[in-house]
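**Q** Give me a 3D structure for the following:
(one chain, ligands or ions: 3)
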Amino acid sequence: MNILEWNQLSITEQTQALRRPALAQGGREAQVADIIAKVRQGGDAALIELTRTLDRAERSTLQLSEQEIDEAADRVGTDLKAAIELAISNIETFHRAQLPTHIALDTSPGVRCELHFQPIEKVGLYVPGGSAPLVSTVMMLAIPARLAGCERVVLCSPPPINDAIVYTARRCGVDAIYTLGGAQAVAAMAYGSESVTKVDKIFGPGNAWVTEAKQQVSSDVNGAAIDMPAGPSEVLVIADDTADADFIASDLLSQAEHGPDSQVILVTPSNALADQVNAALEQQLAQLSRADIARQALSESRTFICDDLAQAVAISNAYAPEHLIVQTAEPRALLPDLKNAGSIFLGAWTPESVGDYASGTNHTLPTYGYSRTYSSLGLADYQRRFTVQELTPTGLRAIGPAVELLAATETLDAHKNAVSLRLAKLEKQA
Ligand SMILES: NC(=O)c1ccc[n+]([C@@H]2O[C@H](COP(=O)([O-])OP(=O)(O)OC[C@H]3O[C@@H](n4cnc5c(N)ncnc54)[C@H](O)[C@@H]3O)[C@@H](O)[C@H]2O)c1
Ligand SMILES: N[C@H](CO)Cc1c[nH]c[nH+]1
Ligand SMILES: [Zn+2]
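**A** Ligands and ions are numbered 1, 2, ... in the order given. Next comes the predicted model:
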(Lines give C-alpha, C1' and ligand atoms only; values in the text may rest on other atoms or scores of the structure.)
(Ligands and ions follow the chains in the order given, each with its own letter.)
Protein backbone atom coordinates (compact mmCIF):
# COMPACT_ATOMS: atom_id res chain seq x y z
CA MET A 1 0.00 0.00 0.00
CA ASN A 2 1.10 3.53 -0.65
CA ILE A 3 2.73 4.95 2.51
CA LEU A 4 2.12 8.69 3.05
CA GLU A 5 3.35 11.03 5.81
CA TRP A 6 0.11 12.67 6.98
CA ASN A 7 1.83 15.89 8.03
CA GLN A 8 3.52 16.26 4.65
CA LEU A 9 0.17 16.43 2.86
CA SER A 10 -1.64 19.71 2.25
CA ILE A 11 -5.25 19.98 3.50
CA THR A 12 -6.48 19.36 -0.06
CA GLU A 13 -4.22 16.33 -0.42
CA GLN A 14 -5.44 14.97 2.93
CA THR A 15 -9.07 15.33 1.84
CA GLN A 16 -8.26 13.71 -1.50
CA ALA A 17 -6.41 10.85 0.22
CA LEU A 18 -9.50 10.05 2.32
CA ARG A 19 -11.87 9.98 -0.69
CA ARG A 20 -13.78 6.74 -1.35
CA PRO A 21 -12.99 5.17 -4.75
CA ALA A 22 -16.64 4.22 -5.43
CA LEU A 23 -17.71 7.84 -4.97
CA ALA A 24 -14.85 9.11 -7.10
CA GLN A 25 -16.15 7.00 -10.02
CA GLY A 26 -19.73 8.30 -9.73
CA GLY A 27 -21.89 8.61 -12.85
CA ARG A 28 -24.40 5.85 -12.09
CA GLU A 29 -27.38 8.09 -11.34
CA ALA A 30 -28.85 8.12 -14.86
CA GLN A 31 -28.26 4.42 -15.47
CA VAL A 32 -29.92 3.49 -12.17
CA ALA A 33 -32.84 5.88 -12.81
CA ASP A 34 -33.35 4.16 -16.17
CA ILE A 35 -33.39 0.70 -14.56
CA ILE A 36 -35.92 1.88 -11.96
CA ALA A 37 -38.16 3.41 -14.65
CA LYS A 38 -38.07 0.17 -16.67
CA VAL A 39 -39.12 -1.88 -13.63
CA ARG A 40 -41.96 0.51 -12.77
CA GLN A 41 -43.29 0.38 -16.32
CA GLY A 42 -42.61 -3.22 -17.24
CA GLY A 43 -43.03 -5.16 -13.97
CA ASP A 44 -42.02 -8.82 -14.06
CA ALA A 45 -41.29 -8.79 -17.81
CA ALA A 46 -38.79 -5.95 -17.34
CA LEU A 47 -37.24 -7.69 -14.33
CA ILE A 48 -36.76 -10.89 -16.31
CA GLU A 49 -35.19 -8.95 -19.19
CA LEU A 50 -32.87 -6.95 -16.88
CA THR A 51 -31.84 -10.17 -15.14
CA ARG A 52 -30.97 -11.61 -18.54
CA THR A 53 -28.89 -8.63 -19.65
CA LEU A 54 -27.25 -7.55 -16.37
CA ASP A 55 -26.88 -10.92 -14.63
CA ARG A 56 -26.78 -13.16 -17.71
CA ALA A 57 -29.40 -15.44 -16.15
CA GLU A 58 -32.43 -16.92 -17.88
CA ARG A 59 -35.41 -17.37 -15.58
CA SER A 60 -39.10 -17.38 -16.42
CA THR A 61 -40.14 -16.88 -12.77
CA LEU A 62 -38.59 -14.64 -10.12
CA GLN A 63 -39.79 -16.23 -6.90
CA LEU A 64 -38.27 -19.51 -5.73
CA SER A 65 -40.79 -22.31 -5.39
CA GLU A 66 -41.08 -24.42 -2.21
CA GLN A 67 -39.55 -27.29 -4.15
CA GLU A 68 -36.53 -25.21 -5.19
CA ILE A 69 -36.08 -24.11 -1.56
CA ASP A 70 -36.30 -27.73 -0.29
CA GLU A 71 -33.75 -28.88 -2.87
CA ALA A 72 -31.34 -26.06 -2.05
CA ALA A 73 -31.62 -26.78 1.70
CA ASP A 74 -30.87 -30.48 1.10
CA ARG A 75 -27.62 -29.55 -0.67
CA VAL A 76 -26.26 -27.59 2.34
CA GLY A 77 -23.84 -29.68 4.43
CA THR A 78 -24.35 -30.41 8.12
CA ASP A 79 -21.14 -28.64 9.20
CA LEU A 80 -22.25 -25.44 7.50
CA LYS A 81 -25.72 -25.79 9.03
CA ALA A 82 -24.07 -26.07 12.48
CA ALA A 83 -21.95 -22.95 11.86
CA ILE A 84 -25.09 -21.09 10.77
CA GLU A 85 -26.83 -22.17 14.00
CA LEU A 86 -23.95 -20.84 16.12
CA ALA A 87 -24.04 -17.51 14.31
CA ILE A 88 -27.85 -17.30 14.55
CA SER A 89 -27.71 -17.93 18.28
CA ASN A 90 -25.25 -15.07 18.94
CA ILE A 91 -26.95 -12.64 16.53
CA GLU A 92 -30.34 -13.40 18.13
CA THR A 93 -28.96 -12.90 21.63
CA PHE A 94 -27.46 -9.51 20.81
CA HIS A 95 -30.49 -8.28 18.87
CA ARG A 96 -33.12 -9.60 21.31
CA ALA A 97 -31.41 -7.51 23.99
CA GLN A 98 -32.21 -4.46 21.84
CA LEU A 99 -36.00 -4.89 22.20
CA PRO A 100 -37.15 -1.44 23.34
CA THR A 101 -38.90 -0.66 26.58
CA HIS A 102 -42.40 0.79 26.42
CA ILE A 103 -42.58 4.07 28.37
CA ALA A 104 -45.70 5.24 30.24
CA LEU A 105 -45.49 8.05 32.79
CA ASP A 106 -47.15 11.23 34.03
CA THR A 107 -45.05 14.30 33.18
CA SER A 108 -47.21 16.16 35.71
CA PRO A 109 -50.33 15.04 37.63
CA GLY A 110 -53.05 14.08 35.12
CA VAL A 111 -50.77 14.38 32.08
CA ARG A 112 -50.03 10.88 30.80
CA CYS A 113 -47.36 10.39 28.08
CA GLU A 114 -46.50 7.05 26.48
CA LEU A 115 -43.97 5.77 23.95
CA HIS A 116 -45.10 2.75 21.89
CA PHE A 117 -43.26 0.63 19.34
CA GLN A 118 -44.70 -1.13 16.31
CA PRO A 119 -43.00 -3.31 13.71
CA ILE A 120 -42.74 -1.98 10.15
CA GLU A 121 -45.24 -4.18 8.35
CA LYS A 122 -43.49 -5.22 5.12
CA VAL A 123 -39.72 -5.27 4.76
CA GLY A 124 -37.44 -6.18 1.85
CA LEU A 125 -33.96 -7.58 2.39
CA TYR A 126 -31.17 -7.28 -0.19
CA VAL A 127 -28.48 -9.94 0.07
CA PRO A 128 -25.45 -9.27 -2.15
CA GLY A 129 -24.37 -12.08 -4.42
CA GLY A 130 -22.67 -10.46 -7.38
CA SER A 131 -19.13 -11.42 -6.52
CA ALA A 132 -19.53 -13.47 -3.30
CA PRO A 133 -22.68 -15.11 -1.89
CA LEU A 134 -23.10 -13.29 1.44
CA VAL A 135 -24.94 -15.94 3.46
CA SER A 136 -24.13 -14.06 6.68
CA THR A 137 -26.05 -11.03 5.41
CA VAL A 138 -29.25 -13.11 5.41
CA MET A 139 -28.86 -13.61 9.17
CA MET A 140 -27.92 -9.98 9.80
CA LEU A 141 -31.05 -8.72 8.02
CA ALA A 142 -33.68 -11.38 8.72
CA ILE A 143 -33.06 -12.05 12.42
CA PRO A 144 -33.84 -8.49 13.60
CA ALA A 145 -36.82 -8.36 11.19
CA ARG A 146 -38.38 -11.39 12.86
CA LEU A 147 -37.51 -10.27 16.40
CA ALA A 148 -39.08 -6.87 15.66
CA GLY A 149 -42.29 -8.61 14.56
CA CYS A 150 -42.42 -7.56 10.87
CA GLU A 151 -45.40 -9.24 9.20
CA ARG A 152 -43.93 -9.90 5.76
CA VAL A 153 -40.24 -10.36 5.07
CA VAL A 154 -39.08 -10.81 1.46
CA LEU A 155 -35.54 -11.27 0.19
CA CYS A 156 -33.77 -10.59 -3.12
CA SER A 157 -30.36 -11.93 -4.11
CA PRO A 158 -28.81 -12.09 -7.60
CA PRO A 159 -28.84 -15.26 -9.66
CA PRO A 160 -27.54 -17.90 -9.47
CA ILE A 161 -28.81 -17.79 -5.92
CA ASN A 162 -26.57 -19.68 -3.52
CA ASP A 163 -28.01 -22.76 -1.74
CA ALA A 164 -26.83 -21.60 1.68
CA ILE A 165 -28.51 -18.21 1.16
CA VAL A 166 -31.76 -20.01 0.40
CA TYR A 167 -31.41 -22.39 3.36
CA THR A 168 -30.57 -19.56 5.79
CA ALA A 169 -33.42 -17.39 4.51
CA ARG A 170 -35.91 -20.14 5.25
CA ARG A 171 -34.26 -20.91 8.61
CA CYS A 172 -34.56 -17.22 9.59
CA GLY A 173 -38.24 -17.03 8.64
CA VAL A 174 -38.14 -15.17 5.30
CA ASP A 175 -41.54 -15.42 3.56
CA ALA A 176 -40.52 -15.11 -0.11
CA ILE A 177 -37.18 -15.41 -1.91
CA TYR A 178 -36.59 -13.77 -5.30
CA THR A 179 -33.64 -14.32 -7.63
CA LEU A 180 -33.09 -10.67 -8.37
CA GLY A 181 -30.01 -8.50 -7.99
CA GLY A 182 -28.75 -4.96 -8.36
CA ALA A 183 -30.82 -1.80 -8.88
CA GLN A 184 -33.65 -3.84 -10.43
CA ALA A 185 -34.12 -5.80 -7.18
CA VAL A 186 -34.31 -2.58 -5.18
CA ALA A 187 -36.81 -1.11 -7.67
CA ALA A 188 -38.94 -4.27 -7.55
CA MET A 189 -39.17 -4.18 -3.75
CA ALA A 190 -39.81 -0.42 -3.67
CA TYR A 191 -42.58 -0.35 -6.27
CA GLY A 192 -43.73 -3.98 -6.46
CA SER A 193 -44.45 -6.04 -9.56
CA GLU A 194 -46.82 -8.87 -10.46
CA SER A 195 -44.78 -11.29 -8.35
CA VAL A 196 -42.66 -9.11 -6.04
CA THR A 197 -44.26 -7.66 -2.89
CA LYS A 198 -44.03 -3.88 -2.54
CA VAL A 199 -42.40 -3.26 0.83
CA ASP A 200 -42.33 -0.32 3.23
CA LYS A 201 -38.58 -0.38 3.88
CA ILE A 202 -35.55 -1.91 2.18
CA PHE A 203 -32.57 -3.22 4.12
CA GLY A 204 -29.16 -4.49 3.19
CA PRO A 205 -25.81 -3.67 1.71
CA GLY A 206 -24.76 -3.87 -1.90
CA ASN A 207 -22.49 -2.51 -4.58
CA ALA A 208 -22.61 1.03 -5.94
CA TRP A 209 -25.67 0.28 -8.18
CA VAL A 210 -27.63 -1.15 -5.27
CA THR A 211 -26.69 1.75 -3.01
CA GLU A 212 -27.59 4.35 -5.66
CA ALA A 213 -30.94 2.63 -6.29
CA LYS A 214 -31.70 2.64 -2.56
CA GLN A 215 -30.98 6.37 -2.42
CA GLN A 216 -33.24 7.04 -5.41
CA VAL A 217 -36.25 5.01 -4.21
CA SER A 218 -36.00 6.50 -0.73
CA SER A 219 -36.27 10.04 -2.06
CA ASP A 220 -39.61 9.20 -3.75
CA VAL A 221 -42.68 9.28 -1.48
CA ASN A 222 -44.15 6.41 -3.52
CA GLY A 223 -40.97 4.34 -3.16
CA ALA A 224 -39.69 2.83 0.07
CA ALA A 225 -37.67 3.91 3.07
CA ILE A 226 -34.16 2.51 3.44
CA ASP A 227 -31.92 1.50 6.29
CA MET A 228 -28.73 3.40 5.33
CA PRO A 229 -26.17 3.83 2.56
CA ALA A 230 -24.25 0.55 3.07
CA GLY A 231 -21.91 0.40 0.08
CA PRO A 232 -18.50 -1.08 -0.69
CA SER A 233 -16.73 -2.42 2.41
CA GLU A 234 -14.05 -0.41 4.15
CA VAL A 235 -11.84 -0.69 7.21
CA LEU A 236 -9.45 1.64 9.00
CA VAL A 237 -6.83 0.18 11.35
CA ILE A 238 -5.16 2.23 14.07
CA ALA A 239 -2.00 0.45 15.22
CA ASP A 240 1.09 1.20 17.27
CA ASP A 241 4.44 -0.57 17.31
CA THR A 242 3.11 -3.30 19.64
CA ALA A 243 0.78 -4.58 16.89
CA ASP A 244 1.27 -7.79 14.92
CA ALA A 245 1.88 -6.92 11.24
CA ASP A 246 0.49 -10.27 10.04
CA PHE A 247 -2.76 -9.75 11.94
CA ILE A 248 -3.13 -6.24 10.50
CA ALA A 249 -2.44 -7.41 6.95
CA SER A 250 -5.03 -10.18 7.32
CA ASP A 251 -7.65 -7.69 8.55
CA LEU A 252 -6.91 -5.24 5.72
CA LEU A 253 -7.17 -8.03 3.15
CA SER A 254 -10.42 -9.34 4.63
CA GLN A 255 -12.13 -6.12 3.54
CA ALA A 256 -10.05 -5.55 0.40
CA GLU A 257 -11.23 -8.90 -0.99
CA HIS A 258 -14.88 -7.78 -0.97
CA GLY A 259 -14.60 -5.77 -4.15
CA PRO A 260 -12.30 -3.65 -6.31
CA ASP A 261 -13.98 -0.53 -4.90
CA SER A 262 -13.42 -1.54 -1.26
CA GLN A 263 -10.95 0.62 0.62
CA VAL A 264 -8.61 -0.15 3.52
CA ILE A 265 -6.53 2.33 5.53
CA LEU A 266 -3.75 1.85 8.06
CA VAL A 267 -2.88 4.73 10.39
CA THR A 268 0.21 4.31 12.54
CA PRO A 269 2.98 6.35 14.12
CA SER A 270 5.40 3.49 13.33
CA ASN A 271 7.33 3.53 10.03
CA ALA A 272 8.66 0.06 10.79
CA LEU A 273 5.15 -1.37 11.23
CA ALA A 274 3.99 0.21 7.95
CA ASP A 275 6.81 -1.56 6.09
CA GLN A 276 6.16 -4.87 7.86
CA VAL A 277 2.47 -4.70 6.99
CA ASN A 278 3.28 -4.09 3.32
CA ALA A 279 5.55 -7.14 3.30
CA ALA A 280 2.87 -9.24 5.06
CA LEU A 281 0.26 -8.08 2.53
CA GLU A 282 2.38 -9.38 -0.34
CA GLN A 283 2.94 -12.73 1.40
CA GLN A 284 -0.73 -13.23 2.22
CA LEU A 285 -1.99 -12.04 -1.16
CA ALA A 286 -0.13 -14.90 -2.78
CA GLN A 287 -2.40 -17.35 -0.93
CA LEU A 288 -5.73 -15.67 -1.65
CA SER A 289 -8.27 -16.85 -4.21
CA ARG A 290 -9.50 -13.27 -4.67
CA ALA A 291 -6.03 -11.71 -4.86
CA ASP A 292 -6.89 -9.82 -8.06
CA ILE A 293 -9.87 -8.09 -6.46
CA ALA A 294 -7.91 -7.34 -3.28
CA ARG A 295 -5.01 -5.88 -5.30
CA GLN A 296 -7.38 -3.51 -7.08
CA ALA A 297 -8.79 -2.39 -3.73
CA LEU A 298 -5.26 -1.94 -2.33
CA SER A 299 -4.33 0.29 -5.24
CA GLU A 300 -6.85 2.87 -3.92
CA SER A 301 -5.91 2.25 -0.28
CA ARG A 302 -3.11 3.77 1.82
CA THR A 303 -1.07 3.85 4.98
CA PHE A 304 -0.75 7.17 6.81
CA ILE A 305 2.21 7.77 9.09
CA CYS A 306 1.04 10.04 11.89
CA ASP A 307 2.72 11.75 14.86
CA ASP A 308 0.98 9.81 17.61
CA LEU A 309 -2.20 7.94 18.48
CA ALA A 310 -4.09 11.19 19.16
CA GLN A 311 -3.50 12.18 15.52
CA ALA A 312 -4.46 8.66 14.41
CA VAL A 313 -7.79 9.08 16.20
CA ALA A 314 -8.33 12.46 14.52
CA ILE A 315 -7.67 10.94 11.08
CA SER A 316 -10.06 8.07 11.82
CA ASN A 317 -12.77 10.49 12.99
CA ALA A 318 -12.33 12.49 9.78
CA TYR A 319 -12.56 9.36 7.58
CA ALA A 320 -15.53 7.90 9.55
CA PRO A 321 -14.91 4.28 8.57
CA GLU A 322 -17.43 1.48 8.33
CA HIS A 323 -15.14 -0.74 10.45
CA LEU A 324 -12.46 0.51 12.81
CA ILE A 325 -9.85 -1.86 14.24
CA VAL A 326 -7.66 -0.71 17.12
CA GLN A 327 -4.48 -2.73 17.62
CA THR A 328 -2.53 -0.79 20.21
CA ALA A 329 -1.08 -1.57 23.65
CA GLU A 330 -4.25 -0.23 25.31
CA PRO A 331 -7.03 -0.23 22.70
CA ARG A 332 -9.89 0.53 25.11
CA ALA A 333 -8.12 3.73 26.22
CA LEU A 334 -8.84 5.24 22.77
CA LEU A 335 -12.56 4.40 22.83
CA PRO A 336 -13.83 7.64 24.44
CA ASP A 337 -12.21 9.72 21.66
CA LEU A 338 -13.35 7.57 18.73
CA LYS A 339 -16.36 9.42 17.34
CA ASN A 340 -17.31 8.17 13.89
CA ALA A 341 -17.24 4.46 13.10
CA GLY A 342 -19.89 1.86 12.22
CA SER A 343 -18.37 -0.88 14.36
CA ILE A 344 -15.18 -0.93 16.45
CA PHE A 345 -12.94 -3.96 17.02
CA LEU A 346 -10.63 -3.74 20.01
CA GLY A 347 -7.37 -5.63 20.41
CA ALA A 348 -5.32 -8.28 18.68
CA TRP A 349 -7.83 -11.11 19.22
CA THR A 350 -10.78 -9.39 17.58
CA PRO A 351 -10.46 -9.79 13.82
CA GLU A 352 -13.09 -7.89 11.83
CA SER A 353 -14.25 -11.25 10.43
CA VAL A 354 -15.87 -12.22 13.75
CA GLY A 355 -18.24 -9.26 13.45
CA ASP A 356 -18.95 -10.18 9.84
CA TYR A 357 -20.17 -13.62 10.84
CA ALA A 358 -20.77 -14.69 14.36
CA SER A 359 -19.92 -12.49 17.35
CA GLY A 360 -23.52 -11.24 17.40
CA THR A 361 -23.17 -7.61 16.26
CA ASN A 362 -24.68 -6.59 12.92
CA HIS A 363 -22.37 -6.37 9.91
CA THR A 364 -24.67 -4.02 7.98
CA LEU A 365 -22.93 -0.73 8.52
CA PRO A 366 -22.81 2.75 7.00
CA THR A 367 -20.02 3.37 4.49
CA TYR A 368 -18.81 6.42 2.49
CA GLY A 369 -18.31 8.36 5.77
CA TYR A 370 -21.98 8.12 6.73
CA SER A 371 -20.99 6.64 10.10
CA ARG A 372 -20.88 10.29 11.21
CA THR A 373 -24.67 10.30 11.31
CA TYR A 374 -25.93 6.76 10.59
CA SER A 375 -25.62 3.82 12.99
CA SER A 376 -25.00 0.10 12.66
CA LEU A 377 -28.16 -1.81 11.75
CA GLY A 378 -30.22 -2.79 14.79
CA LEU A 379 -33.63 -3.91 15.88
CA ALA A 380 -34.89 -0.30 16.14
CA ASP A 381 -34.53 0.07 12.35
CA TYR A 382 -37.34 -2.47 11.86
CA GLN A 383 -39.78 -0.65 14.11
CA ARG A 384 -41.50 2.68 14.17
CA ARG A 385 -42.23 4.46 17.40
CA PHE A 386 -45.15 6.68 18.22
CA THR A 387 -46.39 8.57 21.24
CA VAL A 388 -49.74 8.53 23.04
CA GLN A 389 -51.04 11.14 25.47
CA GLU A 390 -54.12 11.45 27.65
CA LEU A 391 -55.01 14.29 30.03
CA THR A 392 -57.49 14.43 32.88
CA PRO A 393 -59.28 17.70 33.77
CA THR A 394 -56.65 18.20 36.49
CA GLY A 395 -53.89 17.75 33.92
CA LEU A 396 -55.47 20.25 31.49
CA ARG A 397 -55.97 22.83 34.27
CA ALA A 398 -52.30 22.44 35.20
CA ILE A 399 -50.70 22.93 31.79
CA GLY A 400 -53.53 24.64 29.85
CA PRO A 401 -52.63 28.27 30.74
CA ALA A 402 -49.02 27.72 29.64
CA VAL A 403 -50.21 26.24 26.34
CA GLU A 404 -52.58 29.21 25.84
CA LEU A 405 -49.73 31.67 26.35
CA LEU A 406 -47.32 29.81 24.07
CA ALA A 407 -49.98 29.58 21.34
CA ALA A 408 -50.75 33.30 21.64
CA THR A 409 -47.04 34.09 21.38
CA GLU A 410 -46.96 32.16 18.12
CA THR A 411 -50.08 34.08 17.00
CA LEU A 412 -51.93 30.77 16.54
CA ASP A 413 -55.36 31.61 17.93
CA ALA A 414 -57.02 28.33 17.02
CA HIS A 415 -54.41 26.42 19.00
CA LYS A 416 -55.09 28.64 22.02
CA ASN A 417 -58.87 28.32 21.55
CA ALA A 418 -58.79 24.51 21.68
CA VAL A 419 -57.53 24.84 25.26
CA SER A 420 -59.51 27.93 26.28
CA LEU A 421 -62.87 26.34 25.32
CA ARG A 422 -62.19 23.34 27.49
CA LEU A 423 -60.89 25.34 30.45
CA ALA A 424 -64.03 27.49 30.29
CA LYS A 425 -66.22 24.39 30.32
CA LEU A 426 -64.34 23.03 33.33
CA GLU A 427 -64.84 26.38 35.13
CA LYS A 428 -68.61 26.14 34.58
CA GLN A 429 -68.72 22.57 35.89
CA ALA A 430 -66.75 23.42 39.02
N1 LIG B 1 -21.61 -1.89 4.12
C2 LIG B 1 -21.99 -3.09 4.47
O3 LIG B 1 -22.57 -3.27 5.54
C4 LIG B 1 -21.72 -4.26 3.57
C5 LIG B 1 -22.00 -5.57 3.98
C6 LIG B 1 -21.78 -6.62 3.08
C7 LIG B 1 -21.29 -6.33 1.79
N8 LIG B 1 -21.02 -5.07 1.44
C9 LIG B 1 -20.59 -4.71 0.08
O10 LIG B 1 -21.59 -5.14 -0.79
C11 LIG B 1 -21.05 -5.22 -2.10
C12 LIG B 1 -21.57 -6.44 -2.82
O13 LIG B 1 -21.35 -6.21 -4.19
P14 LIG B 1 -21.50 -7.32 -5.30
O15 LIG B 1 -21.22 -6.66 -6.60
O16 LIG B 1 -20.72 -8.51 -4.93
O17 LIG B 1 -22.99 -7.80 -5.23
P18 LIG B 1 -24.40 -7.05 -5.36
O19 LIG B 1 -25.41 -8.12 -5.16
O20 LIG B 1 -24.47 -5.86 -4.49
O21 LIG B 1 -24.49 -6.52 -6.85
C22 LIG B 1 -24.63 -7.39 -7.94
C23 LIG B 1 -25.61 -6.80 -8.92
O24 LIG B 1 -25.10 -5.57 -9.42
C25 LIG B 1 -25.67 -5.35 -10.69
N26 LIG B 1 -24.64 -4.82 -11.59
C27 LIG B 1 -23.36 -5.21 -11.70
N28 LIG B 1 -22.74 -4.53 -12.68
C29 LIG B 1 -23.67 -3.68 -13.20
C30 LIG B 1 -23.65 -2.72 -14.26
N31 LIG B 1 -22.55 -2.48 -14.97
N32 LIG B 1 -24.78 -2.05 -14.51
C33 LIG B 1 -25.90 -2.26 -13.79
N34 LIG B 1 -25.99 -3.17 -12.80
C35 LIG B 1 -24.88 -3.87 -12.51
C36 LIG B 1 -26.14 -6.67 -11.24
O37 LIG B 1 -27.52 -6.63 -11.46
C38 LIG B 1 -25.87 -7.66 -10.10
O39 LIG B 1 -26.99 -8.48 -9.82
C40 LIG B 1 -19.55 -5.21 -1.95
O41 LIG B 1 -19.09 -3.95 -2.39
C42 LIG B 1 -19.35 -5.37 -0.44
O43 LIG B 1 -18.20 -4.72 -0.02
C44 LIG B 1 -21.23 -4.02 2.29
N1 LIG C 1 -17.58 -6.99 5.75
C2 LIG C 1 -18.90 -6.92 5.14
C3 LIG C 1 -19.49 -5.57 5.50
O4 LIG C 1 -18.75 -4.54 4.97
C5 LIG C 1 -19.84 -8.01 5.57
C6 LIG C 1 -19.45 -9.40 5.21
C7 LIG C 1 -20.24 -10.42 4.84
N8 LIG C 1 -19.48 -11.51 4.65
C9 LIG C 1 -18.24 -11.16 4.90
N10 LIG C 1 -18.21 -9.87 5.22
ZN1 LIG D 1 -16.44 -8.71 5.28
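**Q** what residues does the stretch 101-250 of the chain put near ligand 1?
**A** The stretch 101-250 of the chain comes close to ligand 1 at residues 128-132, 134, 137, 158, 181-183, 205-207, 209-210, 230-233, as judged by C-beta under 6 Å from any ligand atom. Every residue, glycine included, has its C-beta placed from N, CA and C.
**Q** at 5 Å what do you get?
**A** Counting by C-beta under 5 Å from any ligand atom, the positions of the stretch 101-250 of the chain adjacent to ligand 1 are 128-131, 158, 181-182, 205-207, 209-210, 230, 232-233.
**Q** Could you identify the buried members of those?
**A** Buried by 16 or more other C-beta atoms under 10 Å: 128-130, 158, 181-182, 205-207, 209-210, 230, 232-233, out of those.
**Q** Format those residues as TSV; extra columns: secondary structure, distance to residue 278 and pLDDT.
**A** Listed next are these as TSV, based on DSSP: H, G, I helix; E, B strand; the rest coil; distance: C-beta to C-beta, whole Å; pLDDT from 0 to 100:
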residue	secondary structure	distance to residue 278	pLDDT
128	coil	29	94
129	coil	32	90
130	coil	29	78
158	coil	35	97
181	coil	35	97
182	helix	35	97
205	coil	29	90
206	coil	31	90
207	coil	28	88
209	helix	32	92
210	helix	32	94
230	coil	29	82
232	coil	22	90
233	coil	21	94
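**Q** Closest one to residue 102 out of the residues of the stretch 101-250 of the chain next to ligand 1, please.
**A** residue 230 (29.4 Å; C-beta to C-beta).
**Q** Could you check how many residues crowd around the residue lying closest to residue 331 once chain neighbours are set aside?
**A** Nearest non-adjacent residue to residue 331, counting by C-beta to C-beta, 6 or more residues apart in numbering: residue 346, 4.2 Å away. Residue 346 has 18 neighbours, counted by other C-beta atoms under 10 Å.
**Q** With residue 63 instead?
**A** The tally of other residues near residue 63 (other C-beta under 10 Å) stands at 16.
**Q** Tell me the spacing between it and ligand 1.
**A** 16 Å (C-beta to the nearest ligand atom, to the nearest Å).
**Q** so the residue nearest to residue 331 sits right up against residue 329, yeah?
**A** No: between residue 346 and residue 329 there is no contact under C-beta atoms under 8 Å: 11.9 Å.
**Q** distance of residue 86 from residue 325?
**A** 23 Å (C-beta to C-beta, to the nearest Å).
**Q** now residue 139, what's its secondary structure?
**A** Classification of residue 139 by DSSP: H, G, I helix; E, B strand; the rest coil places it in helix.
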